[in-house]
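Engineer: Model the following, please.
(one chain, ligands or ions: 1)
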Amino acid sequence: MPKSKKPVTFTNSFKKPNPSQINNKIKTPALKQLIQNGGIKQNYKNPNSIIREYHNLNKRKAIIKSKLDSLPNKQNDTQIKVLILEQTEIDLKLDALGGLDAYQKSSLLGQSTKKGGDTSRYLIKHLFNINFLPSLNPIKLLDVGSLSPNNYEKEKKWIKTDCIDLNSQHPKISKLDFFDVPLSNPDNNSEISVHGPYDIVSLSLVVNFEGDIHKRGQMLIHAAKLLIEKPGILFLVLPLPCITNSRYFNEQRLLDIACAVGFEELLSSHHSTKLAYYIFRLSNKQKHVSHPQFKKTLLKDGPGKNNFCIAL
Ligand SMILES: C[S@@+](CC[C@H](N)C(=O)[O-])C[C@H]1O[C@@H](n2cnc3c(N)ncnc32)[C@H](O)[C@@H]1O
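Structural biologist: The predicted structure follows:
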């Protein structure tokens, strides 16, 4: 288990960022001002507020990165300096939150059966409904963004699960970026245990975790590349507001994007009070090679809406 830099506890008082620690790291007057103005929240009593704040910071970080990538590299340009400063501020804020580790521990709490259980149960129920399970041959499943290696424990007779995460919380979860999962076993190398092709790829609450809207689209494409054609299955879960309350995204948009990269068949979908579940079947593995563009365009405006989007 990787050592956590900052142990976190979820008792009544969540480990608050220590302002004196933050102040030691502050190099810029702008950041000092930000903290004085309350830019860094110091009252994280609820795991959900960590998750929300982590997502907001990650999104902002991705926007700054793409702005920096698009600007010509002039070291002294004021715009670049301001962006780099903001990047530093965001990293410090993420640090004060406890980083990815605290985020994952908060997410694990959200996964507990008390709070409705993990999302894998929806997939399993559907696999039985369509007689995909029980299966004669073991099914290969890639669980991306896995917080527990036991999500498919009950089905281990039929399902061989590879669990990966950017920051593994368990020895049975490989620390690996989804984009680095090889499409096949290179040279039949037995040391590489995580590789395609897969029967099922699970992207449960992972696409929204990625801050860059284009990389979100690329995640769907990488899933299509990793899956066997017919009946490769993509299990996608998003927070419900991404579908129902975004200025730039809705269910039709998701279905259009999925179809454009080869997931032409929607096997099942469901909205719970908090999550939107989708099970797609890959019917055209090569379709993503020349897909149409889906830019960030305003679909519906209004007060209180969010800016979630997936672009291709
Ligand atoms: C909200 S948690 C997912 C929780 C779990 N899958 C569930 O459904 O409850 C999101 C996880 O996705 C992981 N993640 C995000 N992008 C990833 C990538 N490119 N490769 C691997 N893991 C990724 C993050 O590290 C984080 O632990």
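Engineer: From now on I want contacts and neighbour counts done on CA atoms only, so please keep to that.
Structural biologist: Will do.
Engineer: ok, now which ones touch Leu255?
Structural biologist: Leu266 (C-alpha atoms under 8 Å, 6 or more residues apart in numbering).
Engineer: buried set for the helix or strand it falls within?
Structural biologist: Element membership of Leu255, judged by DSSP states H and E, is helix 251-260. Residues of helix 251-260 classed as buried: 253-255, 257-260 (neighbour count, 16 or more other C-alpha atoms under 10 Å).
Engineer: what does stretch 156-175 give?
Structural biologist: 158-165, 167-170, 173-175.
Engineer: Repeat that for stretch 294-312.
Structural biologist: Buried residues in stretch 294-312 (16+ other C-alpha under 10 Å): 294, 296, 306, 308-312.
Engineer: tell me which of the residues you listed is nearest to Ser202?
Structural biologist: Minimum distance to Ser202 across the buried residues of stretch 294-312 is 17.2 Å, recorded for Ile310 (C-alpha to C-alpha).
Engineer: Ignoring the adjacent residues along the chain, who's closest to His222?
Structural biologist: Nearest non-adjacent residue to His222, counting by C-alpha to C-alpha, 6 or more residues apart in numbering: Phe179, 6.8 Å away.
Engineer: So the one you found belongs to a helix, correct?
Structural biologist: Yes - assessed with DSSP: H, G, I helix; E, B strand; the rest coil, Phe179 lies in a helix.
Engineer: pretty sure it contacts Met219?
Structural biologist: Yes - counting by C-alpha atoms under 8 Å, Met219 is a contact partner of Phe179 at 7.4 Å.
Engineer: Neighbour count for these two, which is higher?
Structural biologist: Met219 (18 against 13; other C-alpha atoms under 10 Å).
Engineer: Tell me how far the more buried one lies from His126.
Structural biologist: Going from Met219 to His126 by C-alpha to C-alpha, to the nearest Å gives 23 Å.
Engineer: ranges for the helices of the stretch 101-250 of the chain?
Structural biologist: Counting by DSSP state H, counting those that start in this stretch, the stretch 101-250 of the chain has helices at residues 120-129, 213-226, 240-244.
Engineer: so what does the longest one touch, helix or strand wise?
Structural biologist: Helices and strands in packing contact with helix 213-226 are not found; criterion 3 or more C-alpha pairs under 8 Å, 6 or more residues apart in numbering; DSSP states H and E.
Engineer: ok, residues contacting that helix?
Structural biologist: Contacts of helix 213-226 (C-alpha under 8 Å, 6+ apart): 178-179, 182-184, 196-198, 201, 207-208, 210, 234, 258, 261-263, 282, 285, 288, 309-312.
Engineer: what residues are shared contacts of Phe179 and Met219?
Structural biologist: Common neighbours of Phe179 and Met219 (C-alpha under 8 Å, 6+ apart) do not exist.
Engineer: hmm, back to that, ok, now how distant is the residue nearest to His222 from His271?
Structural biologist: 28 Å.
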